[in-house]
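Chemist: Need the 3D shape of this:
(chains A and B)
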Amino acid sequence: MTLKELWHKLGSPRWFYHMSTPWVTGFGIAAALLLCTGIVWGLGFAPQDYQQGNSVRIMYVHVPAAMVAQSVYIGMGVAGFVLFVWRMKLADVAIAACLPFGMMLTALALFSGGVWGRPTWGTWWDWDGRTVSTLVMLFLYIGIYALREAIPDVELRGRASALVAVVGTINIPIIKYSVEWWHTLHQPASFTLTAKPTMPPEMYLPLLVMVLGIYCFAGHNILSRMRLEIVRRERGTQWVRELVLPARAAG
Amino acid sequence: MQFDSLAEFVAMGGHGLYVWMAYGATLAVLLGSTIALRVARRKQMLELRWAADQQDASTTTETQGTSGA
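Modeler: You can find the predicted model right below:
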């Protein structure tokens, strides 16, 4: 399939529903395996930090939550752009599906950052560049969610939320470079997927497993939400009626 | 394993409260979003089945009406 054909097929919710079935299962299984491994590894087997002691174990949930929360936001921004320019219905479905999990992950990043900061920096919260820009991301998620709830018209709701999602992506580089622009409390990036790790492999590997696990979990969660929304929108159609046929034959 | 006993594991060298709060919140988010999805999916399937049954019932009535006339 060429890219152009794929682009046209994305216009069909039915095609997307059937195409995504194996992906949902695959992401789900991968997430379960990776997260179980990563949590046991991070909690029980990864070494203590020579300065932070055992509180460094919070890194294995805090860093993946923060990373994936930003990636989900970028995904939502891309969907917003696609909706704004090409008015693709699937993009509207994607924005709606990214919101709940992105919001929860951002809240988790802030919360786990607070409980890590308390024993490490001596404070739950500080008005530091990275914490504030992450808080702004949480407000963007909440704002877009509220906006969608408030506008009954489907077309207007999609375009308004797409606009805010796209404009809000300005915040992503601010989060990324905040630790370089303002030398306040938050330490610089401890982990990237592209550069050589600065921490020992006993710490880097469980972190990598957790990051991949949360990415797979996000893939599973967002695709599942998209599928729910597609079925809800298409419930009058023949192909959706066919979806319940096996269940009815069995019951 | 970095810990010699369960008590040591729970205490986390004095950082137990913070470590367990962070992991507890993570589990709550992961399990909560999975359960929410399952519930929504089940509810949607029940609604679809109900709608399909309703439609079958009305189609049957219509056919009977036509054959009677």
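Chemist: for chain B, what's the longest helix?
Modeler: The longest helix of chain B (DSSP state H) is helix B:16-68.
Chemist: Would you mind listing what in chain B touches chain A?
Modeler: For chain B, the contact set with chain A under CB under 8 Å from any CB of the partner chain comprises B:1-3, B:9, B:12-19, B:21-23, B:25-26, B:29-30, B:32-34, B:36-37, B:40-41, B:44-45, B:47-49, B:51-53, B:55. Heads up, the C-betas are built off the backbone N, CA and C, glycines and all.
Chemist: If any of those are buried, give me the ChimeraX selection for them.
Modeler: Selecting just the buried residues from the residues of chain B next to chain A in ChimeraX takes one command, with 16 or more other CB atoms under 10 Å in any protein chain shown as the test:
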select /B:3,9,12,15,18,19,21,22,23,25,26,29,30,33,34,37,44,48,49,52
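Chemist: Quick check, residue A:30 in contact with residue A:218.
Modeler: No: in this structure, residue A:30 is not within contact of residue A:218 by CB atoms under 8 Å, at 11.5 Å.
Chemist: Give me the more crowded residue out of the two.
Modeler: Between residue A:30 and residue A:218, residue A:218 has the larger neighbour count (other CB atoms under 10 Å in any protein chain shown), namely 23 against 17.
Chemist: number of nearby residues for residue A:173?
Modeler: With other CB under 10 Å as criterion, residue A:173 counts 10.
Chemist: name the element it belongs to?
Modeler: helix A:171-181 (DSSP states H and E).
Chemist: which other helices and strands contact that helix?
Modeler: helix A:59-86, helix A:129-150 (3 or more CB pairs under 8 Å, 6 or more residues apart in numbering or on different chains; DSSP states H and E).
Chemist: in chain A, what spans have low per-residue confidence?
Modeler: A:247-251 (pLDDT under 70).
Chemist: Distance-wise, check the residue nearest in space to the middle of it relative to residue A:220.
Modeler: When chain A is reduced to its mean C-alpha position, the nearest residue by CA atoms, centre = their mean turns out to be residue A:72, at 3.4 Å. Between residue A:72 and residue A:220 the computed distance is 13 Å (CB to CB, to the nearest Å).
Chemist: now swap in residue A:200 and tell me
Modeler: 31 Å.
Chemist: which of the two has more neighbours?
Modeler: Taking other CB under 10 Å, residue A:200 and residue A:220 do not tie; residue A:220 has more neighbours (24 against 10).
Chemist: Nearest residue to the more buried one in space, please, no chain neighbours.
Modeler: Sequence neighbours aside, residue A:27 is the residue nearest to residue A:220 in space, at 3.8 Å (criterion: CB to CB, 6 or more residues apart in numbering or on different chains).
Chemist: Touching, the one you found and residue A:222? I think so.
Modeler: No: using CB under 8 Å, residue A:27 is not in contact with residue A:222, being 9.2 Å away.
Chemist: Hmm, the residue nearest to the centre of chain A is touching residue A:98, no?
Modeler: Yes: if you go by CB under 8 Å, residue A:72 and residue A:98 touch, sitting 5.2 Å apart.
Chemist: overlap in contacts of the two?
Modeler: residue A:222 (CB atoms under 8 Å, 6 or more residues apart in numbering or on different chains).
Chemist: If we go by neighbour counts, what in stretch A:78-94 is buried?
Modeler: A:78-84, A:88-94.
Chemist: circling back: pull the CA atoms of the helix holding residue A:173 into CSV?
Modeler: Extracted in CSV, the C-alpha atoms of helix A:171-181 (Å, rounded to 0.1, in the frame of the first residue of the first chain):
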residue,chain,number,x,y,z
ASN,A,171,4.3,24.5,25.0
ILE,A,172,6.1,21.2,24.1
PRO,A,173,9.5,22.7,23.2
ILE,A,174,9.1,25.0,26.2
ILE,A,175,8.8,21.9,28.5
LYS,A,176,11.8,20.3,26.7
TYR,A,177,14.2,23.2,26.9
SER,A,178,12.9,24.6,30.2
VAL,A,179,15.7,22.8,32.1
GLU,A,180,18.3,24.5,29.8
TRP,A,181,16.7,28.0,29.7
